[in-house]
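S.K.: Kindly return the folded structure for what I paste below:
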Amino acid sequence: MNYKDTYLIWSQDPYFDEQTRLELEKISGDEKEIEDRFYKDLEFGTGGLRGVLGAGTNRMNIYTVAKASAGLAKYIVSNGEEAMKRGVAICYDSRHYSPEFAQIAASTFAAYGVKAYLSDELRPVPMCSYSVRYFGAFAGVMITASHNPPKYNGYKVYGEDGGQVTNEAASAILSNMDEFSDVRTIKKTDFNEAVASGLIQRFGPEVDVAYQDMLTELIIDKEAIRRQGDMSIVYTPLHGSGNKPVRRILKKAGFNNVYVVPQQELPDGAFPTVKSPNPEDPAALTMGIELAKKVNASLVFGTDPDSDRLGIAARKEENGEVVYKCFTGNQVGLMLLDYILDSKKRLGTLEDNSFACTTIVSTKLCASVCREYGVELQETLTGFKYIGERIKFDDEFGDKHFQFGFEESYGYLSGTSVRDKDAVVAAMLVCGMAAQSFDMGETLFDRLERIYKKHGYGFEQAVSFTLEGKEGIEKIVSAMDSMRTDLENCKSSSDAQALIGGPSVVAVRDYSKSVRYDFSGDEVKTSELTLPKSNVLLYELGGDKGLDWACARPSGTEPKLKIYFGIYDSTEDGAKSRLEEVKEQMSAFVEARLK
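M.R.: Model prediction:
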């Protein structure tokens, strides 16, 4: 069946609700829009679905949510009656239609005889991960599109360990979904009847209490917090799901002077006060900083709609004026890593055989920090699911002790009861770190500078090329293919030096082929990469400390081709100047292949 036939069914069959049919009637003469909505099914990736809201097979709506839920339900059924009884824990954030999608998911699971634990109000990603483990559920579903613009929503799937679903399980779920090419064949049941029968069970405060008690055990240096508990803090939930859990744990930890940005406190899927509800963007903290100036706050932070990412800014005196400056995700991750390991070392609570995790596109200074404290550093592919896997294999089932994990995109995790990014625990840790710094007579900027002086200066940035729609996806695929062709044509070190058109390329890691190409000698040498296969090209660029790099990879959650850079030097000026050069050269190299 071609996309035109599918469009006609969706726009005319009474199976589909009136709102869907009316929406599709409005685009009846727009061939390009019809094709984009129906030329394919919304892709179920390794973590689930994410897409633009609207009617169509390539959009997020009640029918695509039901289809994903039916595919997951059949996967659970195939694992036996016990898996069906253990069921699925479901949470949702503040995005448009998130409550409705959560209810559709629960009803679909019930239709296939699978138990569903449904949150009674919006709750963040980390609480979804936690609730899977709390209930001993077989799987979890989080309705969210994280920090994407308001027109998006998504469907994120978790395994029984509370980590994002494995590649193998995702493949099985996708195979099941393929059986429902006609969404009209999906089983349905009445929501209220499923609640009455016990197949759908609402949950609420009991999980909040358990989650907070778990977080309380992760508080570090309680004495510093006790002495600095009146420090002034500004927090913005950015209209998302972090408001209640973040405020609860800060109060429990002993922070008594927390101001919440009133215009951004309540849930609102339109995110009306920000261009993007993404704390990676300093502009998202504008209102928080304005309030901080009024109340003379020391620290400002914000969480994204599903509260798995956290961005911070801190007060600083500059040229006789008080200003607030933002930290990057890498800087916060580096500081938190040092704070946790140093504090535990001094308190005598840092276990032997400890490890920390970060990703291949995060700051390379972590290795030096971990060496200082005798802690193993593990690098994973981009995506917190891989950090969650390391916790499962090496801590839960192994003899190692997880201390901290982070990725450059403002995601952090401490503890093992959650297996995804957790901005709630990160908020508590950042405030605790600030309290310790103030107790020592230093600012967070002083703390970061102290780390740089000890381990070297490092600066990282990322550039994204956004290409939406079918044509955009095709351009991204073509650009990555073109870069691989360029790599295959490198037959010597001199070829590699000219590859990007600027910095010398020492080696290239092609994670899709699990091969590292070494150009440091007269002949090109290859070796095997041990991380899972992924559509990633990482260019090793040498530099002052031999750590410089650039990386290209398509986003797994947005229509973007992302380019990352990391430059390291014994001086701040040296690192910053080379970063700008590499960023300009690498961006031009990639952009030329997107045309």
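
S.K.: Give the next helix or strand downstream of the helix-or-strand element of the chain with minimal mean pLDDT.
M.R.: Least confident element among the helices and strands of the chain, by mean pLDDT, DSSP states H and E: helix 493-497 (a mean of 83). Next in sequence after helix 493-497, counting helices and strands by DSSP states H and E, comes strand 507-510.

S.K.: what's that following strand packed up against?
M.R.: For strand 507-510, the packing partners by 3 or more Cβ pairs under 8 Å, 6 or more residues apart in numbering; DSSP states H and E come out as helix 469-488, strand 515-518, strand 537-542. No exception for glycine: its C-beta is placed from N, CA and C like everyone else's.

S.K.: So what touches stretch 28-38?
M.R.: With contacts defined as Cβ atoms under 8 Å, 6 or more residues apart in numbering, stretch 28-38 is touched by 3-4, 6-7, 10-11, 27, 54-59, 469-470.

S.K.: Now a ChimeraX select for only the buried ones of those residues.
M.R.: Here is the ChimeraX selection string for the buried members of the contacts of stretch 28-38, based on 16 or more other Cβ atoms under 10 Å:
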select :3,6,7,10,11,27,54,55,56,57,58,59,469
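
S.K.: Out of the contacts of stretch 28-38, list just those in helices.
M.R.: Counting by DSSP state H, the contacts of stretch 28-38 place 3-4, 6-7, 10-11, 469-470 in helices.

S.K.: Nearest to residue 219 among those?
M.R.: Distance to residue 219 across those (Cβ to Cβ) is lowest for residue 469, with 46.8 Å.

S.K.: Tell me the secondary structure at residue 223.
M.R.: Following DSSP: H, G, I helix; E, B strand; the rest coil, residue 223 is assigned to helix.

S.K.: Could you shift the numbering so residue one becomes 6, and keep it that way?
M.R.: Let's use 6 as the start, then, which means that last one is residue 228.

S.K.: give me the number of residues near it?
M.R.: Look at residue 228: counted by other Cβ atoms under 10 Å, it has 11 neighbours.

S.K.: Tell me the pLDDT of residue 388.
M.R.: On pLDDT, residue 388 comes in at 88.

S.K.: What of residue 561?
M.R.: According to the prediction, residue 561 has pLDDT 74.

S.K.: Quick check: it touching residue 52?
M.R.: Yes. If you go by Cβ atoms under 8 Å, residue 561 and residue 52 touch, sitting 6.9 Å apart.

S.K.: Give the residues shared as contacts by those two.
M.R.: Common contacts of residue 561 and residue 52 (Cβ under 8 Å, 6+ apart): residue 388.

S.K.: Neighbour count for these two, which is higher?
M.R.: The neighbour count for residue 561 versus residue 52, taken as other Cβ under 10 Å, is higher for residue 52 (21 against 16).

S.K.: Spatially nearest residue to the more buried one, not counting backbone neighbours?
M.R.: With Cβ to Cβ, 6 or more residues apart in numbering as the criterion, residue 52 has its nearest non-adjacent residue at 5.0 Å, and that residue is residue 169.

S.K.: which ones are touching that neighbour?
M.R.: By Cβ under 8 Å, 6+ apart, the contact list for residue 169 reads 51-52, 161-163, 388-390, 393, 424-425.

S.K.: ok, now residue 531?
M.R.: Residue 531 is in contact with 520-523, counting by Cβ under 8 Å, 6+ apart.

S.K.: what does residue 186 give?
M.R.: Listed by Cβ under 8 Å, 6+ apart, the contact set of residue 186 reads 6, 46.

S.K.: Now do it against residue 75, distance only.
M.R.: Distance, residue 186 to residue 75, using Cβ to Cβ, to the nearest Å: 12 Å.

S.K.: Dump the helices and strands packed on strand 512-515 into TSV; add mean pLDDT and distance to residue 598 as well.
M.R.: Formatted as TSV, the helices and strands packed on strand 512-515 follow (pLDDT from 0 to 100; distance: least, Cβ to Cβ, whole Å):
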stretch	mean pLDDT	distance to residue 598
helix 474-493	91	4
strand 520-523	95	18
strand 542-547	94	11
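
S.K.: Pick the most deeply packed of the ones you listed.
M.R.: Sort the helices and strands packed on strand 512-515 by mean neighbour count, taking mean count of other Cβ atoms under 10 Å, and strand 542-547 sits at the top with a mean of 21.

S.K.: Only C-alpha atoms, please: export it in PDB.
M.R.: The C-alpha coordinates for strand 542-547 follow below in PDB (Å, rounded to 0.1, in the frame of the first residue of the first chain):
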ATOM      1  CA  LEU A 542      33.000   8.900  12.900                       C
ATOM      2  CA  LEU A 543      35.600  10.200  15.500                       C
ATOM      3  CA  TYR A 544      38.700  12.000  14.300                       C
ATOM      4  CA  GLU A 545      41.700  11.900  16.600                       C
ATOM      5  CA  LEU A 546      43.700  15.200  16.100                       C
ATOM      6  CA  GLY A 547      46.600  14.900  18.400                       C
END
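
S.K.: Averaged pLDDT, stretch 33-40. What do you get?
M.R.: 94.

S.K.: Now do the same for residue 305: helix, strand or coil?
M.R.: Classification of residue 305 by three-state DSSP places it in strand.

S.K.: And for residue 275?
M.R.: Under the three-state scheme (three-state DSSP), residue 275 adopts coil.

S.K.: Excluding residues flanking it in the chain, which one is nearest it?
M.R.: Nearest residue to residue 275, sequence neighbours excluded (Cβ to Cβ, 6+ apart): residue 155, at 5.3 Å.
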